[in-house]
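Q: Sequence below, structure please.
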Amino acid sequence: MIITGALVVSVSVLVALAGLILVHRLVPATHRESYNTVAAPIIVPLSTLLGVLLAFAVFIVWQEFNTAQVTSEEEASKLAAIYWHAEELPESERQQMQELARSYAQVVIEEEWPLMEQGQESSPAWAIVDELRRSVDRFEPSTSAEETLHAREVTLVDDMMNDRRLRLLQSREGIPTIMWITLLGGSVPLIGFVFLLGLNNVRAHLLPLAMVTALIVIGLFTIKSLEYPFSGDTKVKPSAFELVQNRFEADSQ
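A: Below you'll find the predicted structure:
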């Protein structure tokens, strides 16, 4: 991600600087100086507004990224609780529920996580979850201890399914289109007004343009990288499920 980001920023800055050099050669300084009275008063409020919007968008996508990570960790934690609470069930129910829990962790890691990069989900994972819920519903407790355990398992399965639905929803939700339009619609005019500044010294003009372009592109690249928390180079990984799966495998040996 760092290399890609550096490359995107560098290319954007170079393109902007090349355009500025071309403007200096084609547009006389006297013509550009006439734009100072128009461009200068607009640059400050426009840059402030765009900076606020960029910061707000970065905060939103970072918050959603962290929320998606917590959701996947909560789901894996509840799956582990289902597995370990099943130890207290009768032998046949215990084996079935623990096998379903192991299968679910494996399918989520190996099949569903790659699918979420395209905003898709795994049908086999849903089938396992449905069978897990049916297994809990079919169990008929015969003692008060089993009734307590059954109620706990029902709650855990329901909560895990809710976390699963939320995780799948988070894999598809990105920044609203109107937000992208606003960000891009503010970035282009700001860079354009910097082009219009009537500075005679081209080197003195290159520095502010390079800084403005770099800051804008860094902000937009960060937003794009974090927009979908389960896609791209920077994404939520199935580490929590892998940890749970390792514990399941150690227990079954």
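Q: any chance you could map the helices in the stretch 151-253 of the chain?
A: Ranges of helices in the stretch 151-253 of the chain, per DSSP state H, counting those that start in this stretch, are 177-196, 202-226, 239-252.
Q: Also the stretch 1-150 of the chain?
A: So, for the stretch 1-150 of the chain - with DSSP H, counting those that start in this stretch - the helices run 2-26, 29-33, 36-85, 91-107, 113-116, 123-138, 144-170.
Q: Using CSV, write out every CA atom in the fifth one.
A: Okay, so that is helix 113-116. Output of helix 113-116 as CSV, limited to C-alpha atoms (Å, rounded to 0.1, in the frame of the first residue of the first chain):
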residue,chain,number,x,y,z
TRP,A,113,-13.2,-13.8,3.0
PRO,A,114,-11.9,-13.7,-0.7
LEU,A,115,-15.5,-13.3,-1.9
MET,A,116,-16.1,-10.3,0.3
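Q: Please identify the buried residues of stretch 151-170?
A: Within stretch 151-170, the residues scored as buried using 16 or more other Cβ atoms under 10 Å are 153, 156-157, 159-161, 163-164, 166-168, 170. C-betas here are computed from N, CA, C, even on glycine.
Q: same deal with stretch 93-105?
A: Buried-residue list, stretch 93-105, by 16+ other Cβ under 10 Å: 93, 96-105.
Q: try stretch 85-93
A: Buried, per 16+ other Cβ under 10 Å, within stretch 85-93: 85-86, 89, 93.
Q: would a markdown table of those residues with distance to Ala125 be doable?
A: Below are these laid out as a markdown table (distance: Cβ to Cβ, whole Å):
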| residue | distance to Ala125 |
| --- | --- |
| His85 | 21 |
| Ala86 | 19 |
| Leu89 | 23 |
| Glu93 | 21 |
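Q: Can you lay out the residues you listed as CSV showing distance to Phe230 and pLDDT?
A: Formatted as CSV, the buried residues of stretch 85-93 follow (distance: Cβ to Cβ, whole Å; pLDDT from 0 to 100):
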residue, distance to Phe230, pLDDT
His85, 28, 89
Ala86, 28, 87
Leu89, 33, 82
Glu93, 33, 84
